[in-house]
Every structure is written in structure tokens, then in C-alpha cells.
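A.B. asks: predicted model and sequence below, questions to follow.
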2 protein chains.
Amino acid sequence: MKKISIKDVAKKAGVSISTVSRVLTNSAPVSEELREKVIQAVQELGYSPSSIARSLRNGATKTIGFILPDITNPFFANIVRGAEDYLRQHGYTLIFGSSDQDKNEENHILEALLSKHIDGLLFTGSGDSNPKLLRKIEQGLKVVFLDRIIRGVNSSYVIVDNKRGISLLVDHLLDDGHKSFLFINGDKNTFSAKQRYEAFLQRMKSGKYKYEHHFTSFSYEAGYKFASQLSNPVEFDAILCGNDLIAFGVIDALEDRGIRVPEQVSVTGFDDIPFSRHYKPALTTVRQPMYEMGQKACELLLKMIKEQLMTTEGIILEPELVVRESTKRRI
Amino acid sequence: MKKISIKDVAKKAGVSISTVSRVLTNSAPVSEELREKVIQAVQELGYSPSSIARSLRNGATKTIGFILPDITNPFFANIVRGAEDYLRQHGYTLIFGSSDQDKNEENHILEALLSKHIDGLLFTGSGDSNPKLLRKIEQGLKVVFLDRIIRGVNSSYVIVDNKRGISLLVDHLLDDGHKSFLFINGDKNTFSAKQRYEAFLQRMKSGKYKYEHHFTSFSYEAGYKFASQLSNPVEFDAILCGNDLIAFGVIDALEDRGIRVPEQVSVTGFDDIPFSRHYKPALTTVRQPMYEMGQKACELLLKMIKEQLMTTEGIILEPELVVRESTKRRI
DNA sequence: CTGTTAGCGCCTTCAG
DNA sequence: CTGAAGGCGCTAACAG
């Protein structure tokens, strides 16, 4: 691909390269006459300035990185979409990488992003704190943690109030006469799973309900497997799940075992991915504003970049209880 | 963020920058002694070379762009994942943009990607040929069209054999005794929708079946809406849908109208997104190897980039019929 | 208002 | 084997 540079434009327009630069960036006044010539030349040549060279010169790439577990998971895909839209609107580009929660892959991606000189990073990583990342933060890398926080790090974040979400859910279940609860949670080392666990525990202990809690993994398969191996699934009135995917797996496994949801047992999810409303039975769950999370995180990140401040800010979004058909009132 | 450059490394190691460059790129022999010093310095400084500067120098960014309709659609998310994995494995980075099939947005994203000096482009665009893109292709931009082809362009592509997919489906339905067919297709201006339409028409005309065909849009909502407005849904034995999302919408709408699937009417999808197997009823559909499509497209693209050949290659992947519970044998 | 020039970080001749 | 120097495309002083 033959590249056309600012020089070509300058030559064609019969002006100097600085003039071209000036009209393109509007950084200084240029006579109407020359401006027109330049614009003309730009169009004819189909020239677009190299942001590579610009980046090198300006020290900013207008690019944001996003490390997340898996783009294939609708929860993250929707967050990404929010981020993407916000960023493009503000002249930024997004590069992301799926880590599958793998520590090595995480570092690998981080390395790649860093070498691309990203201006900032959105991070949804595995639970354990990542030394390489911490170091970069200390060196001044702007990072916003999304959905998950790494403990011991003073950094900005955007999450939803997981505890409140669980609280809302348990309240509703209690109101509907449920008396015993099983919580099939997600990955143990994950911030959100931990938060949800704590909230659950707290609520359970405050009454004297029968309950049980298990960490598994945030996937359909994990839910299906766990529910398949349950010795007596109907010993609980309600099964809470770490996220919607787990809930789908659980419901399917139960039905395969001839247990009807919600008739025999209520099942709930967390996230409210777009699909949950179409599931049969439509899932009672806690809605996280995914698109908004992506937007807010970027808004925060760009602010940090622009103002070059070391200060840190946390945004906690409100979850919303969504009652549908996978739960029902117990007598 | 204080940046450390090759100069800092050179100074710390007490060598020239060229030596540092040489050990980093392995481009020329360096004495063991100096090599060690350099490596030492690199580690202590936590230095990683700026791919920005490298790109400017080498003229290659090791970055691939991907313009697609919507990352939130599982079909594309899975393709992206395939591409992402392949590219990272080969030292490339992926930048994508969701266009919502909007022509303007498409151009907007293209502009952004181009200015980032991508080495190649994966493109799943709206149906109409895009003049700006065509021009860039002529100028030497390497492009692989994915899932959709723009007519009149001689370029590489990776698609599945849509016609064969429909053929497989219709054969199966015929085998199962279906005699009348309604096809609720996706976006009219889309390559895949057109192909599927043609295949459908061809098969229908070859027998003397009762049939009808309509273009709508590749979404749940479109399916739901269309099926809701159908005057007499059960006048057909089978309803074929342009993709799985449409099928979900159709099934839900039918059930809301008290029509049972597949008892009263069979419904089929296209794509086999991960969710389709968990739908109730589990969807009979045509599987597209999404992950593989992403991989193959990148493989092809990198080949084109590496060999700098103007030749063009098309890969047509085989679809696979997946029979599940949304269809049943008619008497 | 316009043109010339230095230099962003790196790789690659070209000398030594 | 090693160092010095040019230049990728661009912007921001610096002169005029």
C-alpha cells in the first residue's frame, strides 16, 4: 500500500508541510486561500494523517486498552459496547483482549497493550493482585477497574453494589415465603463472587434460615454440573446463582432430573444479560447496567487522563431487582 | 507516566542504542558480555520497546482492524474471539468497531482504523458496496470479507455455504413431512440473507410446495414482531428464520399467541449461537463454525500481508445441520 | 500568516 | 562486533 504522507499533500497543494498540519489540526490561523488548496489536495489524495506519527510526536495514542475475561460472554460484550461507543465519540480507539481469567494470558495481553502505548486501561481481571500491573500503576498508568477490584490497590473503579443486589434478591425471596436457600456462586477468587457471598451470609445469619453456599465458576457448564450432582435439590426453597449463565445451567440440570422450576424450587440469576428475559422460565435476576458500566468507566478514565490527576475515584452503580418467572411465592 | 526509552537502557547498560536494538530484535550478533548488560538493564528498568516508534520506522503496525455490525451479537462475538486468539498468537493486535450496519458509522470507523495504520482489515459490513473502502483496496489495503461479500469487488473472503445450509435444512424438513414453508429472513441488503433466499426459492420451486418469503432484520425483535402480526401462523408446517435470534423472537411470539412449537408448527434458525442449544425448545438450526471463521479469516489475511500478493482467495466453510427440538416430524 | 527545523523512539545502513 | 547518523510522519517552536 503506497502511503501518502503530509509531504505529498504539501507538494500537491504547493505549500509547506506545516501549513498542511495547521489546517488539519486547526492549531493556527491559515489564509482562506491556502486552506482551500490544502483541503483540495487532501481530498484528491484521500489522505488521512498517520496517528502513528502523531502519537510518537505527542506522546498520546488516543487508545484505551481493555483486559477482560471473555468477549464471548454477553455480560462483557455489553460492557465493551458501552465503552466502545463512548470512546469513539470522544476520538478514542479501544483495543481489548480476552484473558480467560488466566494470569499468564493477562500479563501477555498487558504487555501487548503497553507496548502499543495505550493512554489508559480498563481492567476486569482475575482476583489476585497482579504485580506487573501494580507496578505500571505506580509508574503512572491510568487504570479503571471494572466489575472487579483488586484488593490492596488504590485505584479507580466502576462496580455495581453487589451486596445491595443480593440483599434485594433475598428480601424478595423472603417476602415470597422462601425459607431455605442454596447459593451456587461463581469463581471464588473473584471480587464480585466474594461480595455476593458476604452479603448472602450476612442476611442468612441475621435470620435463622437453612442455607448453604458453594463457589463454582461463572459458566453454564459449572451450573449444570453442580446441579446435576446435588443429592437433594429440593431440600431448598430457592437456589441463588452467581450469575445468569450458572442459573441457566442449574435450571436445565434440574429439569433434566425432572424437577420443575419454579414449581418445586425457585432459581435466580445475577446480571440480567439480554437473553435472560427470553429464557424459559424467564429468569428472576438482578440487573447490572452493563452498557452504562462501560460508559461510566470510560468517562472516568478519560477524566483521569485529561486531568493527569493521581486521585482515585470509585463509582458504585445501583443494581435492580428483576422479578420474572423462575421464582414463585411459596405457601 | 515517565517513559523509558531505548536511550535510558543504553545509558544504564553503558552501550549504544544500536546495541540495545540489536539484542532486542536479534537482528545482528552481539557479544555475550554486552548482551547480558543490556538484558540486565532492560529488566531493571522494566523497559518495553515502543511499538509506536517501531511502526513508524518499519511501516507495519502489527494491528488488524475488524468492522462488524455489533459485538453484542453472539455470532460476531464468537467470530471475534477466533480472530483475537489467532492474531495474538501471531503477535498481532485486534481493533474492532461496531457499525450497527450504519453506512456512516462504517466509514467513521474505517477512517479511524486507517489512521491507526492497520496492516489489514476484516470486514463484515452492510450490503452496499462502500466506495471509500473500495478505493483503499485498490490502493493496496489488504481486506478479508467475513460472512458477507460486497458484490463487484474482487477480494478475499471467508463465508459459509449459505445455500448448502438452507438446502440441508429444507431437505430435513421435507424428510420429516413438512409441506408448506414460511421463511422469515434477515436484512434484505445483506449477502447472507440474499443467498439464503435464493437457495430457498430454488428448492421451493423445484417441488410444488406452498411457500412465502419475507425480509426483516436479523434480530429477536424483528422475529417477534413479524410473528405477532402473522394473520394465520399455522397455515405453514414450518417457519424458517434468517438466524437464531429471529427464531427466538418467532417462537416467543407464537407461544404468546398460544401456538405451540414444534407441535403446531416447526421453527428453525441459522447460526447455532451457543445459546440455541439451551433454548426451550432447543433450536433446530444450521451451525456456522464461528470461531473457525474468525481464525481462518485471519490466517488468510496474514498470508496476504506477508506475501504482499494482490491475489485473492475465497474460503467457503461447510455448514452443519443441527436437529433439535423446535422441529418435529409431520404426519 | 507561512516556511524551516528539531526531535518523538526506533531500526538500519554505513563506518570503523 | 560496535557506534554514529539518517529518517519514518508529524507537530511545535522559531524565524521571518
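C.D. replies: Structure's in. What do you need?

A.B. asks: give me the number of residues near A:Leu68?
C.D. replies: 27 (other C-beta atoms under 10 Å in any protein chain shown). Any C-beta I mention is one placed from the backbone N, CA and C, and that applies to glycine too.

A.B. asks: what's near enough to touch it?
C.D. replies: Contacts for A:Leu68 were tallied using C-beta atoms under 8 Å, 6 or more residues apart in numbering or on different chains; they are A:Phe76, A:Ile79, A:Val80, A:Phe96, A:Gly97, A:Ser98, A:Ser99, A:Leu122, A:Thr124, A:Leu146.

A.B. asks: same for the helix or strand hosting the fourth one, what does it pack against?
C.D. replies: What it means is A:Phe96. Using DSSP states H and E, the element containing A:Phe96 is strand A:93-98. Here strand A:93-98 touches strand A:63-68, helix A:74-89, helix A:103-115, helix B:74-89, strand B:93-98, going by 3 or more C-beta pairs under 8 Å, 6 or more residues apart in numbering or on different chains; DSSP states H and E.

A.B. asks: tell me what angle that strand forms with helix A:74-89.
C.D. replies: Here the directions of strand A:93-98 and helix A:74-89 differ by 160 degrees (axes from the mean of the first three to the mean of the last three C-alpha atoms, to 10 degrees).

A.B. asks: longest helix in chain A, please.
C.D. replies: As assigned by DSSP state H, the longest helix anywhere in chain A is helix A:290-307.

A.B. asks: quick check: A:Glu307 vs DNA strand C, distance?
C.D. replies: 22 Å (C-beta to the nearest atom of the strand, to the nearest Å).

A.B. asks: which stretches of the stretch 101-250 of chain A have low pLDDT?
C.D. replies: A:152-153 (pLDDT under 70).

A.B. asks: chain B contacts on the stretch 101-250 of chain A?
C.D. replies: A:108-109, A:111-117, A:135, A:139-142, A:220, A:248 (C-beta under 8 Å from any C-beta of the partner chain).

A.B. asks: isn't A:Leu121 up against A:Lys142?
C.D. replies: Yes. With contacts counted by C-beta atoms under 8 Å, A:Leu121 reaches A:Lys142, the gap being 7.0 Å.

A.B. asks: name the residues contacting each of these two.
C.D. replies: A:Leu301.

A.B. asks: what about the residue in chain A that DNA strand D sits nearest to, how many residues nearby?
C.D. replies: Closest residue of chain A to DNA strand D, C-beta to the nearest atom of the strand: A:Ile6 (2.7 Å). When neighbours are counted by other C-beta under 10 Å, A:Ile6 registers 19.

A.B. asks: what's the answer for the one 10 residues further on, then?
C.D. replies: Under the neighbour criterion other C-beta under 10 Å, A:Ser16 is assigned a count of 14.

A.B. asks: skip the chain neighbours and tell me the closest residue to it.
C.D. replies: A:Ala10 (5.9 Å; C-beta to C-beta, 6 or more residues apart in numbering or on different chains).

A.B. asks: just A:Gly120 next, same as before
C.D. replies: A:Lys142 (4.1 Å).

A.B. asks: pretty sure that neighbour is in contact with A:Lys303, am I right?
C.D. replies: No. Under the criterion of C-beta under 8 Å, A:Lys142 is not in contact with A:Lys303, lying 9.5 Å apart.

A.B. asks: out of the two, which sits in the busier spot?
C.D. replies: A:Lys142 (24 against 15).

A.B. asks: from B:Ser51, how far off is that one?
C.D. replies: 19 Å (C-beta to C-beta, to the nearest Å).

A.B. asks: right, and the helix or strand after the helix or strand harbouring A:Phe248?
C.D. replies: For A:Phe248, the host element (DSSP H and E) is helix A:244-256. Downstream of helix A:244-256, the first helix or strand assigned by DSSP H and E is strand A:266-268.

A.B. asks: residues making contact with that following strand?
C.D. replies: A:169, A:173, A:176, A:178, A:237-241, A:247, A:250-251, A:254, A:261, A:283-286, A:326-328, A:330.

A.B. asks: separate out the buried members of the residues you listed.
C.D. replies: A:169, A:173, A:176, A:178, A:237-241, A:247, A:250-251, A:254, A:261, A:283-286, A:326-328 (16 or more other C-beta atoms under 10 Å in any protein chain shown).

A.B. asks: the residue of chain A closest to DNA strand D contacts A:Val20, correct?
C.D. replies: Yes. Taking contacts as C-beta under 8 Å, A:Ile6 lies within contact range of A:Val20: 5.2 Å.

A.B. asks: quick one: the helices in chain A?
C.D. replies: A:6-13, A:17-25, A:32-45, A:51-58, A:74-89, A:103-115, A:131-138, A:162-175, A:191-206, A:220-229, A:244-256, A:290-307.

A.B. asks: give the rounded mean pLDDT of the fifth one.
C.D. replies: Right, the one you point to is helix A:74-89. Mean pLDDT, computed over helix A:74-89, is 96.

A.B. asks: and that helix, anywhere near chain B?
C.D. replies: Yes. Shown here: helix A:74-89 in contact with chain B (C-beta under 8 Å from any C-beta) through A:Pro74, A:Ala77, A:Asn78, A:Val80, A:Arg81, A:Glu84, A:Asp85, A:Arg88.

A.B. asks: which one of the residues you listed is nearest to B:Lys208?
C.D. replies: A:Pro74 (43.1 Å; C-beta to C-beta).

A.B. asks: spatially nearest residue to the closest one (excluding sequence neighbours)?
C.D. replies: A:Ile273 (4.2 Å).

A.B. asks: and the one you found, what pLDDT?
C.D. replies: 94.

A.B. asks: what does the one 10 residues further on give?
C.D. replies: On pLDDT, A:Leu283 comes in at 97.

A.B. asks: next: A:Met1.
C.D. replies: 54.

A.B. asks: likewise the one 5 residues further on?
C.D. replies: Model confidence at A:Ile6, given as pLDDT, is 90.

A.B. asks: give the contact list for the residue nearest to A:Glu299 when sequence neighbours are not counted.
C.D. replies: Distance criterion C-beta to C-beta, 6+ apart; nearest residue to A:Glu299, sequence neighbours excluded, is A:Tyr86 at 6.6 Å. Shown in contact with A:Tyr86 (C-beta under 8 Å, 6+ apart): A:Gly294, A:Gln295, A:Cys298, A:Glu299.

A.B. asks: which one of those sits closest to chain B?
C.D. replies: A:Gly294 (10.8 Å; C-beta to the nearest C-beta).

A.B. asks: neighbours of the residue lying closest to the closest one once chain neighbours are set aside, how many?
C.D. replies: Distance criterion C-beta to C-beta, 6+ apart; nearest residue to A:Gly294, sequence neighbours excluded, is A:Gly82 at 2.6 Å. Counted with other C-beta under 10 Å, the neighbours of A:Gly82 add up to 20.

A.B. asks: surely A:Gly82 and A:Glu292 touch.
C.D. replies: Yes. Contact criterion C-beta under 8 Å: A:Gly82 and A:Glu292 qualify, at 6.2 Å.

A.B. asks: quick one, phi/psi of the residue in the stretch 51-200 of chain A positioned nearest to chain B?
C.D. replies: Minimum separation of the stretch 51-200 of chain A from chain B (C-beta to the nearest C-beta) falls at A:Gly140, amounting to 3.3 Å. The phi and psi torsions at A:Gly140 (degrees, to the nearest 10) take the values phi 110, psi 0.

A.B. asks: burial check on it, number of neighbours?
C.D. replies: A:Gly140 - counted by other C-beta under 10 Å - has 11 other residues nearby.

A.B. asks: circling back: what residues does the helix holding A:Phe248 touch?
C.D. replies: A:73, A:75, A:184, A:186, A:216, A:218-228, A:233, A:239, A:241, A:260-261, A:264-265, A:267-273, A:275-276, A:279, A:281, A:283, A:285, A:326, B:278.
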